[in-house]
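1. Model the following, please.
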Amino acid sequence: MVDPIRIFLDADACPVKDEAYKVAGRYGLKTFVVSNSFMQVPASPLIERVIVDAGPDVADAWIAERCGPRDVVVTNDIPLADLCLKAGAQVLKPNGQPFTPDSIGSSLATRSIMEHIRSTGEFTGGPAPFGRSDRSRFLQALDEAINKARRRL
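-> Numbering: from 1, shown residues only. Okay, here's the model as predicted:
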């Protein structure tokens with residue numbers, strides 16, 4: 001039997017939960033909504049709320065320990081993306097941009113550089129505002145990732 005496709009949402013700061021629920025429902029996919037605190041989720045047997053203990057990287061560890069080659073993980077967390085890619089999962093940012101084995105090294109390096117710059121007291125700004133086009137790209141990317149996972153047997 002082939003493992004089912006699952007979606008894992010690193011949910012604490014995920015702006016596309018509703019979009020993920022909609023796409024997962026269309027395909028009949030189990031979705032894990034992983035967070036450090038209570039979060040309202042739709043009442044559905046396909047959606048499972050997972051509340052992990054508070055603490056750094058606890059939600060990340062829960063996701064990384066369970067995801068595999070037919071799964072899709074949605075996160076902005078670069079170290080989590082790296083772990084999930086190593087487990088064979090597809091990883092998407094909420095804006096639809098994929099993390100890939102070819103891009104994760106530069107993402108990790110950039111993250112490290114930015115952490116160093118911020119540690120010196122330099123103000124680096126933040127991410128661009130999340131908009132309608134980001135949601136649209138995410139919907140398309142999630143649909144493509146699910147179809148790619150469906151082809152993996």
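2. need the contact list for residue 27.
-> By C-beta atoms under 8 Å, 6 or more residues apart in numbering, the residues touching residue 27 are 5, 146. Backbone N, C-alpha and C define where each C-beta goes, glycine included.
3. Tell me how far it lies from residue 10.
-> 20 Å (C-beta to C-beta, to the nearest Å).
4. ok, longest helix in the chain?
-> helix 132-151 (DSSP state H).
5. Other residues contacting that helix?
-> 5, 7, 15-16, 19-20, 23, 27, 29, 70-72, 74, 90, 92, 94-98.
6. at 6 Å instead, please
-> Applying C-beta atoms under 6 Å, 6 or more residues apart in numbering, the contact partners of helix 132-151 are 5, 16, 19, 23, 27, 70, 72, 90, 92, 94-96.
7. Now render those as CSV, adding pLDDT and secondary structure.
-> Shown next, in CSV, are the contacts of helix 132-151 (pLDDT from 0 to 100; DSSP: H, G, I helix; E, B strand; the rest coil):
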residue, pLDDT, secondary structure
5, 96, coil
16, 97, coil
19, 97, helix
23, 96, helix
27, 96, helix
70, 94, coil
72, 98, strand
90, 97, strand
92, 98, strand
94, 95, coil
95, 94, coil
96, 95, coil
